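okay, predicted coordinates and the sequence, questions at the end:
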Number of protein chains: 2
Amino acid sequence: MFSKACEYGIKASIFIALSSYKGVRVSLKAIAKEINSPEAFTAKILQDLVRHGVISSTKGAYGGFEIEKALISSVKLSHIVNAIDGDAIYSGCGLGLHTCNEEHPCPVHHKFKSVREELRSMLENTNLEELALNIKSGASFLKI
Amino acid sequence: MFSKACEYGIKASIFIALSSYKGVRVSLKAIAKEINSPEAFTAKILQDLVRHGVISSTKGAYGGFEIEKALISSVKLSHIVNAIDGDAIYSGCGLGLHTCNEEHPCPVHHKFKSVREELRSMLENTNLEELALNIKSGASFLKI
DNA sequence: TTTAATTCGGATAATTTTATCCTATTTTAA
DNA sequence: TTAAAATAGGATAAAATTATCCGAATTAAA
């Protein structure tokens, strides 16, 4: 459903949020270890998220990645997915037609409508705070 | 959401169903033209669908692809998707965790639940007959 | 001021997906 | 029986995605 890059990006963001809560920046190394992802590839994805303003970074010793505490609850999954994969998943045509809309629908356009809509709404209404809290409480997991 | 191969596979199957209704087999060439797909690549996908028993083929002059009339309504989108992409879209973990279930959920497991479920149900309950009839009536389109 | 710990960014490699080409095989009609 | 029209299938190529490597730049502490 999502690209590997996007999966890593979401998991990394959650872990960064969790750590930012405690007021500590996390290094690439720590992130990759925690979410079980290849370090160098994860670095590229984090750079991308920084460029898109989803997370922020600090270079040098004691540097790392973080999300300003006050912003954690306003970062939605849709921001991350958009930054990495774009919005094709929930706004593109399910069968790849260039032009697909109500007037000129692909064969599954209407069938997909509610699925697409529910996905979009879910991504736009899920924020990093709730996801991080579930990790903290042990209700959900970032790896294995 | 789906791979290109799967998109082509679905569109091709709908066109084959449409033609089989009229009692005529369609050639690879006609299919690729109708759904606007690369011919040789489409051939591979059709071979795959034949192997999985979704469609049937006849070699030689006047040969081509078809779906037995009586079976058209029983071919579901899920059969096609499964044959080409597998069931990962609606049964795999949204974040790619190897183990992701109610007891050990990934951060978005519950959030994705209804989306995944709706997608699965839609694929399992949509058959080629209805999709073909909408093409026939001009209510939906296979290309552009 | 030097050193160590970091992120950044460019180059490259490996893998997967998408796409093409060519030959073999099958089938029908002339 | 031969020729033409098809699918089947193997080999290969192109493109996209995933992954790795290495040096540059930055920062803080010793």
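Thanks, I have the structure now. This is a predicted model, so every value here is computed, not measured.

residues from chain A in reach of chain B?
A:1-2, A:4, A:7, A:10-11, A:14, A:77, A:89, A:92, A:94-99, A:104-109, A:111-112, A:114-115, A:118-119, A:122, A:126, A:131, A:134-135, A:139-144 (CB under 8 Å from any CB of the partner chain). Every C-beta, even on glycine, is put in place using the N, C-alpha and C of the backbone.

the helix-or-strand element of chain A with minimal mean pLDDT near DNA strand C at all?
Across the helices and strands of chain A, mean pLDDT, DSSP states H and E gives its lowest value to helix A:88-91, namely a mean of 92. No - judged by CB under 7 Å from any atom of the strand, helix A:88-91 stays clear of DNA strand C, getting no closer than 12.4 Å.

same deal with stretch A:4-23?
No - shown here: stretch A:4-23 not in contact with DNA strand C (CB under 7 Å from any atom of the strand), separated by at least 9.6 Å.

pLDDT of that stretch, averaged?
The average of the pLDDT scores along stretch A:4-23 is 98.

pull the distance from it to the chain's centre.
Between the centre of stretch A:4-23 and the centre of its chain there are 8 Å (CA atoms, centre = their mean, to the nearest Å).

what residues sit buried inside that stretch?
A:5-21 (16 or more other CB atoms under 10 Å in any protein chain shown).

from DNA strand C, how far off is the residue lying farthest from the centre of chain A?
Ranking residues of chain A by C-alpha distance from their mean position (CA atoms, centre = their mean) puts residue A:103 at the top, at 32.5 Å. Residue A:103 is 26 Å from DNA strand C, where distance means CB to the nearest atom of the strand, to the nearest Å.

and that residue, what's its pLDDT?
Residue A:103 is given a pLDDT of 98.

check residue A:97 too.
pLDDT, residue A:97: 98.

I'd say it and residue B:143 touch.
Yes - using CB atoms under 8 Å, residue A:97 makes contact with residue B:143 at a distance of 6.8 Å.

ok, those two, which is more surrounded?
Higher neighbour count among residue A:97 and residue B:143: residue A:97, with 23 against 16, using other CB atoms under 10 Å in any protein chain shown.

what does chain A put close to DNA strand C?
A:26-29, A:40, A:43-44, A:46-47, A:50-51, A:57-65.

out of these, who's near DNA strand D?
A:40, A:43, A:44, A:58, A:59, A:60, A:61, A:62, A:63.

from those, pick the one nearest residue A:34.
Lowest distance from residue A:34 to these (CB to CB) belongs to residue A:43, with 14.4 Å.

helices - which of the ones next to DNA strand D among the residues of chain A next to DNA strand C land there?
Among those, the members found in helices (DSSP state H) are A:40, A:43, A:44.

out of everything not next to it in sequence, what's closest to the last one?
Translated: residue A:44. residue A:5 (7.9 Å; CB to CB, 6 or more residues apart in numbering or on different chains).

dump the residue contacts of that neighbour.
Residue A:5 makes contacts with A:41, A:44, A:45, A:84, A:85, as judged by CB atoms under 8 Å, 6 or more residues apart in numbering or on different chains.

closest to DNA strand D out of the residues you listed?
residue A:41 (4.0 Å; CB to the nearest atom of the strand).
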